[in-house]
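Quick one: sequence plus predicted model below, questions after.
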Amino acid sequence: MIQTDYRDKILRFAYHMALFDHEKIIFPFHLVQKFVKLINNLFFSFPLERNDRKMIEYFYESSHEITPLTMAVIAQRNRYGGTHTRIMEEQEEYVVDRTPSKLIDSACRFFGASLRGRQDGTRNICGITHKAPISIDPISGMYFFPTRSPNHPNCSWIAHSHIDQVKKGENKCTEIIFKNGRHIVLDVSFGSIMNQIQRTAQFRYLLDNRIRSLRKQYSVDVTEEPFA
């Protein structure tokens, strides 16, 4: 019993350390898992139990996984026929066992809103209702657009700020090349992607103008760094 109590305390400490938000950087789920397993193996000789795995999920899901470094949140089929997500960032990729739209919703909630709330905001600003682009956080340049209806299991989300080029691919697919040179191929038509990019640019222009106008009108002294 004493060993179990110490084990729980050490594992909880490991979860918090692995998820520590240092300079706005959140560790990906696969690194959290590796870190916790390493701590467990160093101190204990038995495998992680079901409750331990639930604890990992609880602590991890309370953090946001979408950051200004995220370039794409891509829907993929897992081996059981369900949908999981490949998150593509500037320096790495990892897989999360949640749908892209749920991850986007969690990111919106981190900034005090929800996916539905952000969609309603887009409609109010520029009238877009179908496959509406959203701003997870306009201050850090986190504007994303869906490749399909967000309710569709194959809907992916693309970060507008990271796009460099868009090219027609084979079999009516579309290749998106990001500013760091990495690329993805989506099973979506070139015209549809270009339309989403243009609508996101329109929405972004209108929202950014509103924010700048308010700051100028009320002389809000906000020090901000340019999004890179």
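Structure received.

distance of the residue lying closest to His130 once chain neighbours are set aside from Arg210?
Counting by Cβ to Cβ, 6 or more residues apart in numbering, Ser149 is the residue found nearest to His130 once chain neighbours are left out, at 7.6 Å. (C-beta placed from N, C-alpha, C; glycine too.) Separation of Ser149 from Arg210 (Cβ to Cβ, to the nearest Å) stands at 27 Å.

Equivalent analysis for Thr85, please.
Looking at Thr85 against Arg210, where the rule is Cβ to Cβ, the gap reads 31 Å.

Which of these two has more residues huddled nearby?
When Thr85 is set against Arg210 and neighbours are counted by other Cβ atoms under 10 Å, the residue ahead is Thr85, at 25 against 12.

In a helix, that one, correct?
No: counting by DSSP: H, G, I helix; E, B strand; the rest coil, Thr85 is located in no helix; its state is strand.

low-confidence ranges in the chain?
Low-confidence segments of the chain, defined by pLDDT under 70, span residues 1-64, 219-228.

which residues in it form helices?
Counting by DSSP state H, the segments of the chain that form helices are 2-18, 29-43, 50-61, 100-110, 115-126, 190-218.

Return the list of helices and strands in contact with the fourth one.
This means helix 100-110. With contacts defined as 3 or more Cβ pairs under 8 Å, 6 or more residues apart in numbering; DSSP states H and E, helix 100-110 has these neighbours: strand 70-77, strand 83-89, helix 115-126, strand 134-137, strand 142-146, strand 157-159.
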